[in-house]
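> just coords:
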């Protein structure tokens, strides 16, 4: 029995990065041998075990063969006779198909070290095309290592196109798609995930609501980049520089979906796209099982991002509407996320990335103004009447502040 470090830990060590996790492969062993040593088996379809102390994953060397559609359509075979090279051959990319022995020696049968040096994401074998989930995984790796100038190999991109054309992406389990999308949004360059999916024609299956934004023009006065899809990419780049919060990044990705359903005769105007995007966000949430909090923030940003941009032009009643819709008093943290997403939208435009966004501070001040207004206890009124009285007082306070600032 031989135990070797494999996959991402080897890759990241060679890149000089701190591995996110460590995975191990066990060659020449049976499940019973690991059970006898105190390992806990967690995989039903193939033998994966947790180390009794570190809880890291140890998998018996295995080979796979395609038996059906989707990423679950595989039969797995593991035995003491499966070699390390056979196990590595089934992996997705050459940079993930390396192993390291206990004495530090790198075993690299498929050229992973050279591809690391050349900054190339390349498939290990034609079997890559058998697993449609790998389309999303490659796009996610492209997002993770974009800052290191990695690119997808042309021949790998061609295989990804073939997978997209085959219809196999349709068989991916929604929860698994969301897991990859959420992971990609947390990477250093989430926009690259969208670019790669679009390059292989996979975006139209995974996120058709985003894919259709490319080629849709906007008013050049407000959007020098003109193309709505390009604006989404710029906004994703911007939000990645502002926050790592996954809810904010998702909200930015889907904030302009309403522009995808604007009638062409109305281009480049998109009147009403804010509200028009809300049902589309709900459709995505239902299809991909998007978490509730992500969806709530995304709908808020879609509905009110233009209000935020026009903060200094809004009447007090509209400012209060945004504060109440965002539940700013009870959920100030979420309202702050709303402001961040709006800032990313405003600055995610060609040539405008360095512009300030004082609108956010305007709304923060407005929130502090209404927070200072407390209900006045009265023995003669209660319930709804108190709420109405409080709302009038808050509105008057905003009006007074606006007049003073004017």
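Nice, thanks for sending it over. Keep in mind the model is a prediction, meaning the values are calculated, not measured.
> list the contacts for residue 270?
218, 258-259, 262 (C-beta atoms under 8 Å, 6 or more residues apart in numbering). Using the backbone N, CA and C atoms, a C-beta is placed for each residue, glycine as well.
> which one is residue 33 nearest to, not counting chain neighbours?
Nearest residue to residue 33 in three dimensions, chain neighbours excluded: residue 1, at 6.4 Å (C-beta to C-beta, 6 or more residues apart in numbering).
> pretty sure the one you found contacts residue 28?
Yes - because the distance of 5.0 Å satisfies C-beta atoms under 8 Å, residue 1 is recorded as touching residue 28.
> which of those two has more neighbours?
Each of residue 1 and residue 28 has its neighbours counted (other C-beta atoms under 10 Å); residue 28 has more, 16 against 12.
> For that one, which residues are in contact?
Residue 28 sits in contact with 1-2, 61, 80, where contact means C-beta under 8 Å, 6+ apart.
> how about a markdown table for these, with distance to residue 358 added?
Formatted as a markdown table, those follow (distance: C-beta to C-beta, whole Å):
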| residue | distance to residue 358 |
| --- | --- |
| 1 | 64 |
| 2 | 62 |
| 61 | 59 |
| 80 | 67 |
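> All the helices of the stretch 51-200 of the chain, in order from the start?
Listed in chain order, the helices of the stretch 51-200 of the chain (DSSP state H, counting those that start in this stretch) span 84-89, 112-118, 133-144, 154-166, 174-185, 190-199.
> between those, which gets nearest to residue 302?
helix 174-185 (16.6 Å; C-beta to C-beta).
> Now stretch 100-119: buried residues?
Neighbour-count burial for stretch 100-119, with 16 or more other C-beta atoms under 10 Å as criterion, is recorded at 100, 107-113, 115-116.
> With stretch 326-343 instead?
Result for stretch 326-343 [16+ other C-beta under 10 Å]: buried residues 326, 328, 334-343.
> What of stretch 358-367?
359-360, 362-363, 366-367.
> Check stretch 18-26 too.
22-26.
> Worst mean pLDDT across the helices and strands of this structure, which element?
strand 74-78 (a mean of 69; mean pLDDT, DSSP states H and E).
> got a markdown table for the helices of the stretch 51-200 of the chain, with distance to residue 349 too?
Output for these, formatted as a markdown table (distance: least, C-beta to C-beta, whole Å):
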| stretch | distance to residue 349 |
| --- | --- |
| helix 84-89 | 45 |
| helix 112-118 | 34 |
| helix 133-144 | 21 |
| helix 154-166 | 29 |
| helix 174-185 | 20 |
| helix 190-199 | 14 |
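> Distance to residue 386 and mean pLDDT added to those, as JSON lines?
Below are those laid out as JSON lines (distance: least, C-beta to C-beta, whole Å; pLDDT from 0 to 100):
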{"stretch": "helix 84-89", "distance to residue 386": "68", "mean pLDDT": "94"}
{"stretch": "helix 112-118", "distance to residue 386": "65", "mean pLDDT": "98"}
{"stretch": "helix 133-144", "distance to residue 386": "50", "mean pLDDT": "97"}
{"stretch": "helix 154-166", "distance to residue 386": "58", "mean pLDDT": "97"}
{"stretch": "helix 174-185", "distance to residue 386": "41", "mean pLDDT": "97"}
{"stretch": "helix 190-199", "distance to residue 386": "45", "mean pLDDT": "98"}
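> so which of these gets nearest residue 17?
Nearest to residue 17, of the helices of the stretch 51-200 of the chain and by C-beta to C-beta, is helix 133-144 at 9.8 Å.
> wait, isn't residue 395 in contact with residue 317?
Yes - if you go by C-beta under 8 Å, residue 395 and residue 317 touch, sitting 6.2 Å apart.
> Those two - which one has more neighbours?
Neighbour tally, residue 395 and residue 317, criterion other C-beta under 10 Å: the higher count belongs to residue 395, 18 against 10.
> the strands in the stretch 1-150 of the chain, which residues?
For the stretch 1-150 of the chain, the strands defined by DSSP state E, counting those that start in this stretch cover 2-6, 23-27, 40-41, 48-50, 57-60, 62-66, 74-78, 99-100, 106-107, 120-121.
> weakest of those by average pLDDT?
Among the strands of the stretch 1-150 of the chain, strand 74-78 has the lowest mean pLDDT, at a mean of 69.
> Can you tell me the number of residues neighbouring residue 265?
For residue 265, using other C-beta under 10 Å, the count is 6.
> Where does it sit: helix, strand or coil?
Here residue 265 is recorded as helix under DSSP: H, G, I helix; E, B strand; the rest coil.
> if we can go back for a sec, so which of the buried residues of stretch 358-367 belong to helices?
359-360, 362-363, 366-367 (DSSP state H).
> Rebuild those residues as a markdown table, extending it with distance to residue 12.
Conversion of those to a markdown table gives the following (distance: C-beta to C-beta, whole Å):
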| residue | distance to residue 12 |
| --- | --- |
| 359 | 40 |
| 360 | 36 |
| 362 | 43 |
| 363 | 41 |
| 366 | 45 |
| 367 | 42 |
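> Can you give me the buried ones in the longest helix seen in the chain?
The residue-count maximum for a helix in the chain (DSSP H) belongs to helix 384-405. Across helix 384-405, burial judged by 16+ other C-beta under 10 Å covers 394-395, 397-398, 401-402.
> For the nearest residue to residue 62 once chain neighbours are set aside, give me its contacts.
Leaving aside its chain neighbours, residue 62 sits nearest to residue 78 (3.9 Å; criterion: C-beta to C-beta, 6+ apart). Counting by C-beta under 8 Å, 6+ apart, residue 78 makes contact with 46-47, 60-63.
> quick one: which two of the residues you listed are the most distant?
Among the contacts of residue 78, 47 and 63 lie farthest apart (C-beta to C-beta), at 12.7 Å.
> Looking at these two, which is more packed in?
Taking other C-beta under 10 Å, residue 47 and residue 63 do not tie; residue 47 has more neighbours (22 against 16).
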